[in-house]
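**Q** Turn this into a structure:
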Amino acid sequence: MTATAPASSARSSQRIWALAWPIILSNITVPLLGLVDTAVVGHLPDSRYLAAVTLGATLFGFLYWGFGFLRMGTTGLTSQAAGREDDESVKTLLGQSLLLAALIGGVLILAGDPLIALGLGLLDGSPEATRLAAEYAGIRLLSAPAVLANYAILGWFLGQQNSRVTLALLVLTNGVNIVLDLVFVVGLGMTSDGVAWATVIADYTALAFGLWRVWHQLEGLGGRFRRARLLRRSAYRELFAVNAQLFVRTLGLLFAMAFFTSRGAAQGDTVLAANAVLLQFIMLTSYGLDGFAHAAEALTGRAVGRSRWDEFGDSVRAAARFSLLTAGLAALAFALGGPWLIALLTGLPEVRDTAGEYLPWMVAMPLIAVWSYLLDGVFIGTTSTREMRNSIFIALAVYLPVWWLTRGLGNHGLWLAFSLFTAVRSGVLIAYYLHYRRTRWSGDHMSRSSGGKT
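**A** Modelled structure (predicted):
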């Protein structure tokens, strides 16, 4: 046992890194896109354009990532089916997820005008920023079917531990988007509308590429693709059971983010723009940490499908080591290079000064949030989505009262409340994990539940 344990740990670390590095590289292109959006619009002569893009992007956090279960649920269920070597279910899950993506995307386009009006009204920006944000949102909404289908495709490939496709797909999407940002805004003199059109074109380019890769992947899988299962409501029972909890959880998380943006907007366009700059720091950290969390999704799901709880534990520990190292490096980078990053993102002196005042919150955030990112991956892989939902709403029960009580502190009070929201979310997930690791996620539990048989 003493000789095999270190070897098993080393193999788990190798598997985590092999899956994580393409995801990290691809994820870095996402905040890089946000940085370019912010930098391009932030250097326009009026802060209202940056405020408009911030409001519009927050709105699409609701409209699109509210359906992020199409990525997360697909990953968890596909990884477990792959662990069971059930190729037929792997194929069926893709078809079900793409069909749901097309239906939801169509509904979003049809209901676009009232959704945009309601969402921007709740975000409470200035009249001019809201007008520009509505124009931006109306353009962005055209890509709804492509965005949601891309979520499903990403989740399906990740569930099969094929992170190289994830890298190719996201690099293509965000690379096209960045180039078109520069062409439309810098080259053609467009403003927030140019940023929106760049995103729409990039989303459909990525969908075409993703479907091409799907076609090649299907040729290598066994089993039959049973179209009848796509038409039976009963065949969606497991997918809906997992995704319903993820949907509610994601709405709660996005509400927390939108509430933060709204309360910042209520303090004026300068505070809104400064918070937008600082949120790019959080996004940069989150996509780095998500690389290891996504690797944990695929590996823990595979371990569940194979009922290999030793492999499960090794994967979680390996992902935790990488995640803690990444969080520590991010905190150090923000402490040492934060003012330079702020200056890179905006040339507006008042926004720079305001963002610099709240920079210490960015140094603390990676160390507070690391566990929530990691354990989200574990709970997605095990399809324990009810617990993820609970963690968000317990954290919201702390977040909102703390904000109310600290309103006199202005934006510092808002950042305090948001930091506590993140800390409570991490704590709840840790408690669930420790409990389940002693009970349902252990070999002893499996032996008891099967009457002692192995």
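**Q** quick one, helices of the stretch 151-300 of the chain?
**A** Taking DSSP state H, counting those that start in this stretch as the test, the helices found in the stretch 151-300 of the chain are 163-181, 192-219, 228-231, 237-265, 269-306.
**Q** will you turn these into a markdown table that also has mean neighbour count and distance to Gly377?
**A** For every residue, glycine as well, the C-beta is placed using N, CA and C. Converted to a markdown table, the helices of the stretch 151-300 of the chain look like this (neighbours: other Cβ atoms under 10 Å; distance: least, Cβ to Cβ, whole Å):
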| stretch | mean neighbour count | distance to Gly377 |
| --- | --- | --- |
| helix 163-181 | 20 | 13 |
| helix 192-219 | 19 | 22 |
| helix 228-231 | 12 | 28 |
| helix 237-265 | 20 | 13 |
| helix 269-306 | 25 | 3 |
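**Q** Worst mean pLDDT among those?
**A** Across the helices of the stretch 151-300 of the chain, helix 228-231 has the smallest mean pLDDT, namely a mean of 70.
**Q** mind listing what Trp371 touches?
**A** 426-427, 429-430 (Cβ atoms under 8 Å, 6 or more residues apart in numbering).
**Q** model confidence over the helix or strand in which it is found, on average?
**A** In this assignment (DSSP states H and E), Trp371 forms part of helix 359-381. Mean pLDDT, taken over the full extent of helix 359-381, equals 94.
**Q** What are the buried residues along it?
**A** For helix 359-381, the neighbour count (16 or more other Cβ atoms under 10 Å) marks 359, 361-366, 368-381 as buried.
**Q** With stretch 97-113 instead?
**A** 97-98, 100-102, 104-105, 108, 112.
**Q** which other residues reach it?
**A** Contacts for stretch 97-113 (Cβ under 8 Å, 6+ apart): 63, 67, 70, 73-74, 115, 138, 141-142, 144-149, 151-153, 155-156, 230, 239.
**Q** still on that earlier bit, among the contacts of Trp371, which pair sits farthest apart?
**A** Gly427 and Leu429 (7.4 Å; Cβ to Cβ).
**Q** Among those two, which residue is more densely surrounded?
**A** When neighbours are counted by other Cβ atoms under 10 Å, Leu429 comes out ahead of the other of Gly427 and Leu429, with 25 against 16.
**Q** rewinding a little: now, of the contacts of stretch 97-113, which are buried?
**A** Buried among the contacts of stretch 97-113 (16+ other Cβ under 10 Å): 63, 67, 70, 73-74, 115, 141-142, 144-149, 151-153, 155-156, 239.
**Q** Okay, helices next: where are they in the stretch 301-450 of the chain?
**A** Going by DSSP H, counting those that start in this stretch, the stretch 301-450 of the chain shows helices at 309-345, 349-357, 359-381, 385-405, 411-438, 443-449.
**Q** Can you say which of the ones you listed is packed in most?
**A** For the helices of the stretch 301-450 of the chain, ranked by mean neighbour count under the definition mean count of other Cβ atoms under 10 Å, the leader is helix 359-381 at a mean of 24.
**Q** Just want the angle from it to helix 269-306.
**A** 30 degrees (axes from the mean of the first three to the mean of the last three Cα atoms, to 10 degrees).
**Q** Next, Thr130: phi, psi?
**A** Here is the backbone geometry of Thr130 (degrees, to the nearest 10): phi -70, psi -40.
**Q** let me fix that: Gly410
**A** Main-chain torsions, Gly410, degrees, to the nearest 10: phi 70, psi -140.
**Q** That one and Gly268 touch, don't they?
**A** No. Between Gly410 and Gly268 no contact is recorded; they are 10.7 Å apart, counting by Cβ atoms under 8 Å.
**Q** any residues in contact with both of these two?
**A** By Cβ under 8 Å, 6+ apart, no residue touches both Gly410 and Gly268.
**Q** Leu77 is in contact with Thr383, correct?
**A** Yes. When contacts are counted by Cβ under 8 Å, Thr383 is listed as touching Leu77 (6.5 Å).
**Q** More neighbours: these two, which one.
**A** Leu77 (27 against 23).
**Q** Within the helices and strands, which one has the more buried one?
**A** Taking DSSP H and E as the criterion, Leu77 maps to helix 69-83.
**Q** Now whichever helix or strand comes after that helix: average pLDDT?
**A** Toward the C-terminus, helix 69-83 is succeeded by helix 87-110 as the next helix or strand (DSSP H and E). Helix 87-110 carries an average pLDDT of 90.
**Q** Off-centre distance for helix 87-110?
**A** Here the centre of helix 87-110 is set off from its chain's centre by 19 Å, with Cα atoms, centre = their mean, to the nearest Å.
**Q** what's the next secondary structure element after it?
**A** Next along from helix 87-110, by DSSP H and E: helix 112-123.
**Q** Point me to the helix or strand that includes Arg11.
**A** Secondary structure assignment for Arg11, by DSSP H and E: helix 4-42.
**Q** Poorly predicted segments of the stretch 301-450 of the chain, please.
**A** 443-450 (pLDDT under 70).
**Q** ok, back up a step: chain center to the helix holding Trp371: distance?
**A** On Cα atoms, centre = their mean, the centre of helix 359-381 falls 12 Å from that of its chain.
**Q** can you check stretch 109-118 too?
**A** 23 Å.
**Q** Give me the distance between Ala101 and Ile16.
**A** Separation of Ala101 from Ile16 (Cβ to Cβ, to the nearest Å): 29 Å.
**Q** For Leu374, give me its contacts.
**A** Contact analysis of Leu374 by Cβ under 8 Å, 6+ apart lists 289, 292-293, 296, 316, 319-320, 323.
**Q** hmm, back to that, export the contacts of Trp371 to a markdown table and append columns for distance to Ala39.
**A** Formatted as a markdown table, these follow (distance: Cβ to Cβ, whole Å):
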| residue | distance to Ala39 |
| --- | --- |
| Ser426 | 31 |
| Gly427 | 35 |
| Leu429 | 34 |
| Ile430 | 37 |
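**Q** distance of the closest residue in space to Ser442 that isn't next to it in sequence from Leu122?
**A** Leaving out its chain neighbours, the residue that sits closest to Ser442 by Cβ to Cβ, 6 or more residues apart in numbering is Trp309, at 5.6 Å. In this view, Trp309 and Leu122 are 45 Å apart by Cβ to Cβ.
**Q** coming back round to it: now, the most widely separated pair of the contacts of Leu374?
**A** Leu289 and Val316 (14.4 Å).
**Q** sorry, back to before: overlap in contacts of Thr383 and Leu77?
**A** Counting by Cβ under 8 Å, 6+ apart, the common neighbours of Thr383 and Leu77 are 242, 301.
**Q** quick one: low-confidence parts of the stretch 1-150 of the chain?
**A** The stretch 1-150 of the chain contains residues with pLDDT under 70 at 1-9, 27-35, 37, 42-47, 61-62, 124-125.
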